[in-house]
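Asks: kindly return the folded structure for what I paste below:
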Amino acid sequence: MIIKNHRSFLQIILAKFIRLKSNYAKLKCTV
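Replies: The predicted structure is shown next:
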């Protein structure tokens, strides 16, 4: 159960990181 929770936690962090990266790329393109 702990491993599953840890996995979902990592997935959430990864999704947030990808979103941040895409947002940063958009900012770079506009600037």
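
Asks: helix/strand/coil for residue 5?
Replies: Secondary structure assignment for residue 5 (DSSP: H, G, I helix; E, B strand; the rest coil): helix.

Asks: check the gap between it and residue 16 for me.
Replies: 17 Å (Cβ to Cβ, to the nearest Å). No exception for glycine: its C-beta is placed from N, CA and C like everyone else's.

Asks: can you check residue 23 too?
Replies: For residue 23, the distance to residue 16 - Cβ to Cβ - is 10 Å.

Asks: stretch 18-31: how far from the chain's middle?
Replies: 13 Å (Cα atoms, centre = their mean, to the nearest Å).

Asks: got the CA positions of that stretch in PDB?
Replies: Output in PDB follows, covering the C-alpha atoms of stretch 18-31 (Å, rounded to 0.1, in the frame of the first residue of the first chain):
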ATOM      1  CA  ILE A  18       6.000  18.500 -17.000                       C
ATOM      2  CA  ARG A  19       3.300  21.300 -16.700                       C
ATOM      3  CA  LEU A  20       5.900  23.700 -15.300                       C
ATOM      4  CA  LYS A  21       8.300  22.800 -18.100                       C
ATOM      5  CA  SER A  22       5.700  23.400 -20.800                       C
ATOM      6  CA  ASN A  23       4.600  26.700 -19.200                       C
ATOM      7  CA  TYR A  24       8.300  27.800 -19.100                       C
ATOM      8  CA  ALA A  25       8.700  26.900 -22.800                       C
ATOM      9  CA  LYS A  26       5.600  28.900 -23.700                       C
ATOM     10  CA  LEU A  27       7.000  31.900 -21.700                       C
ATOM     11  CA  LYS A  28      10.300  31.500 -23.600                       C
ATOM     12  CA  CYS A  29       8.500  31.500 -26.900                       C
ATOM     13  CA  THR A  30       6.500  34.600 -26.100                       C
ATOM     14  CA  VAL A  31       9.600  36.400 -24.800                       C
END
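
Asks: any idea of the mean pLDDT in that stretch?
Replies: On average, the pLDDT along stretch 18-31 is 86.

Asks: ok, and for it, which residues are buried?
Replies: Buried residues in stretch 18-31, counting neighbours by 16 or more other Cβ atoms under 10 Å, are absent.
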